[in-house]
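# no sequence for this one, just the structure:
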């Protein structure tokens with residue numbers, strides 16, 4: 001199986017068993033090796049007391065992109081440190097896109113940068129995630 005096919009198979013497995021990402025309405029736009037592109041629409045249920053999206057919404061979208069990108073090589077990875085900077089308010093109806101890119105990867109630790117944009121291509125959040133490679137394969141027989 002080529003690396004792109006394996007990445008898609010892994011993300012299929014993860015997403016199909018991820019009720020939280022589904023509940024958020026996250027759409028997988030593109031799966032790749034060390035990358036992920038996701039999209040979702042902000043609903044009224046996602047707003048906080050200020051009438052803007054709760055910070056956990058962009059965080060959760062970026063965290064899902066981190067998970068899909070980092071696991072795409074075939075080994076199971078788990079986050080060990082994450083942070084987010086919110087750069088612009090997100091409102092009901094905004095369509096958010098998260099793009100995960102691998103910044104550095106070793107056999108045990110990888111660092112990802114995830115940018116979250118709105119429908120106007122404005123950056124609304126910048127997320128950084130570090131993951132630990134457990135060494136456990138997603139599909140040992142592949």
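Here it is on my side, so go on. For clarity, every value in this text was computed on a predicted model and none was experimentally measured. Numbers count the residues shown, from 1 in each chain.

# surely residue 28 is in contact with residue 14?
No. Counting by C-beta atoms under 8 Å, residue 28 does not reach residue 14; the two are 9.9 Å apart. In this view, the C-beta of every residue, glycine as well, is placed from N, C-alpha and C.

# mind checking the longest strand of the protein?
In the chain, taking DSSP state E as the definition, the longest strand is strand 123-137.

# so what touches it?
Residues from elsewhere that reach strand 123-137 (C-beta atoms under 8 Å, 6 or more residues apart in numbering): 58-59, 62-63, 65-66, 70, 74-90, 94, 96, 98, 107-118.

# what residues of the longest helix along the chain count as buried?
In the chain, assigned by DSSP state H, the helix with the most residues is helix 55-71. Judged by neighbour count (16 or more other C-beta atoms under 10 Å), helix 55-71 contains these buried residues: 57-71.

# closest to residue 47 out of those?
residue 57 (8.8 Å; C-beta to C-beta).
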